[in-house]
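> Got a sequence here, can you build the structure:
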Amino acid sequence: MRPAVLHLGVQQWWSGGWRGPAVFALRESKRGRLLHPLPGSGRAAAPVDLELPGTLFPTLTDHHVHLGLGEPELLLPGGITSVTDLGWIPADAAAWLAAGAAAGSTLPEVRIAGAFLSCAGGYPSASGWAPAGATVELAADAAESGAAADAVAAQAAAGASVIKLMFNSVAGPVPADAVAFAVVAAARANGLPVVAHTEGAGQAERALTAGVSTLAHAPFTERLGDALLERMAGAGLAWISTLDIHGWGAETPERLTAIDNVRRFAAAGGRVLYGTDLGNGPLPKGVNERELLALAAAGLTPDALVASIAGGDPAPQAAIGPRLAWVPGTPPTTGYSSDTARWLAGARGTTTAQLEETLP
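Residues are numbered from 1 along each chain as shown. Now for the predicted structure:
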């Protein structure tokens, strides 16, 4: 029988910033076993029963995955505690949502977008990789007919916490401005942000004008002007990185363009989120070192790099669990983001229920 309370010692932990050495009380609750940071001076707060030989992260998030093209069960052992599935068949996505929320689940926490919202003949309906039922093809009169609002409501009913809107002029037609505005308005009415796939000249600016919250990819088909980047940053638009899909480690024009855009967007104060587009080619199942190194190459500072995957909002007294991640040792002090990227790529994930069994 487990003791009612265990005390876990950590060398370092992150919650919107580095918090230093700490002791956590591991207690049972209605949500399962949770870690509670103890007030006091670091490791002197209480005697330690269990040692985590490294740095604790309450969450490490991949903000862009497609679980239908990956192996979800490999993500938590690989350090990813939370994912957002950005488009698939709504019923399948709802099943992943439920599986992730089930008691004792060893999947990451799952958030979903439901179906891709596009236009008639629009991407990814004819892509070959998106299955039937994964794309809602909105007609040109979807704003007037109410079909745009209905499509958003259907994704919300399936459990979506975000709406995915497609602007890919390279692969086919794109939604008209009126349809895009209607989707964003309906999403806001449902309390949901909109993430936009933008590909092709002018599409990133169209998404900004429509009022989306996030770009699903750092723009890679065109070099965005500095004035546009400043507008995006000023509007609070976030970008999900997905840099590694452009060559999977090899240099490509798209990768170079995306990194250049990220460098200038971040310098303008824009928020960059770690995401891989998992399922799009040979990507690691877990924390992706190449993605982190690409963000380092784009000029993110060590702390900005960590915040992109671990979160930038401090919550030092919040309970942690039922999932957590940790990295052996403490963060590098060299000041080089590339060193932080390589260190962070060693992340491992577990659940509080399995903590004793999974720690070395």
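> quick one: low-confidence parts of the stretch 201-350 of the chain?
For the stretch 201-350 of the chain, the stretches flagged by pLDDT under 70 are 315-317.
> residue boundaries of the helices in it?
203-210, 226-234, 253-267, 289-297, 302-310, 337-344 (DSSP state H, counting those that start in this stretch).
> Please tabulate these in TSV, including the columns mean neighbour count and distance to His197.
Any C-beta I mention is one placed from the backbone N, CA and C, and that applies to glycine too. TSV is the format used below for the helices of the stretch 201-350 of the chain (neighbours: other Cβ atoms under 10 Å; distance: least, Cβ to Cβ, whole Å):
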stretch	mean neighbour count	distance to His197
helix 203-210	21	9
helix 226-234	17	16
helix 253-267	20	14
helix 289-297	22	18
helix 302-310	22	19
helix 337-344	21	25
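> For Ala101, find the nearest of these.
helix 302-310 (21.6 Å; Cβ to Cβ).
> For the nearest residue to Ile240 once chain neighbours are set aside, the count of nearby residues, please.
Excluding the flanking residues, the one nearest Ile240 by Cβ to Cβ, 6 or more residues apart in numbering is Gly275, at 3.7 Å. Neighbours of Gly275 under the rule other Cβ atoms under 10 Å: 30.
> Could you do the one 10 residues further on as well?
The tally of other residues near Lys285 (other Cβ under 10 Å) stands at 18.
> how about the residue nearest to Thr106 when sequence neighbours are not counted, what does it touch?
Nearest non-adjacent residue to Thr106, counting by Cβ to Cβ, 6+ apart: Leu76, 5.8 Å away. Contact analysis of Leu76 by Cβ atoms under 8 Å, 6 or more residues apart in numbering lists 106-108, 323, 349-351.
> ok so, going back, same list (the helices of the stretch 201-350 of the chain) but as TSV, adding distance to Phe181.
Output for those, formatted as TSV (distance: least, Cβ to Cβ, whole Å):
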stretch	distance to Phe181
helix 203-210	6
helix 226-234	17
helix 253-267	24
helix 289-297	32
helix 302-310	29
helix 337-344	38
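> Out of these, which is closest to Leu359?
Ranking these by proximity to Leu359 (Cβ to Cβ) places helix 337-344 first, at 18.4 Å.
> Let me know the helix or strand that the closest residue to Ala347 other than its chain neighbours is in.
Sequence neighbours aside, Gly79 is the residue nearest to Ala347 in space, at 2.9 Å (criterion: Cβ to Cβ, 6+ apart). Following DSSP states H and E, there is no helix or strand that holds Gly79.
> residue contacts, Gly79?
60, 286-287, 325, 327, 346-349.
> Got the confidence number for it?
Gly79 is assigned a pLDDT of 99 by the prediction.
> which SS class is Asp92?
Secondary structure, DSSP: H, G, I helix; E, B strand; the rest coil: Asp92 is helix.
> Give me the buried entries from the contacts of Gly79.
60, 286-287, 325, 327, 347-349 (16 or more other Cβ atoms under 10 Å).
> out of the residues you listed, which are inside strands?
325, 327, 348-349 (DSSP state E).
> possible to save those as JSON lines with distance to Thr301?
Compiled in JSON lines, those are given as follows (distance: Cβ to Cβ, whole Å):
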{"residue": "Ala325", "distance to Thr301": "21"}
{"residue": "Val327", "distance to Thr301": "18"}
{"residue": "Arg348", "distance to Thr301": "24"}
{"residue": "Gly349", "distance to Thr301": "25"}
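> out of these, which one sits closest to Glu137?
The closest of those, once distances to Glu137 are taken by Cβ to Cβ, is Gly349, at 37.1 Å.
> still on that earlier bit, tell me the one among the buried ones among the contacts of Gly79 nearest to Thr358.
After measuring the buried ones among the contacts of Gly79 against Thr358 - Cβ to Cβ - the closest member comes out as Arg348, at 7.6 Å.
> Identify the bridge partners of that closest one.
Note on Arg348: beta-bridge partners Trp326, judged by DSSP bridges.
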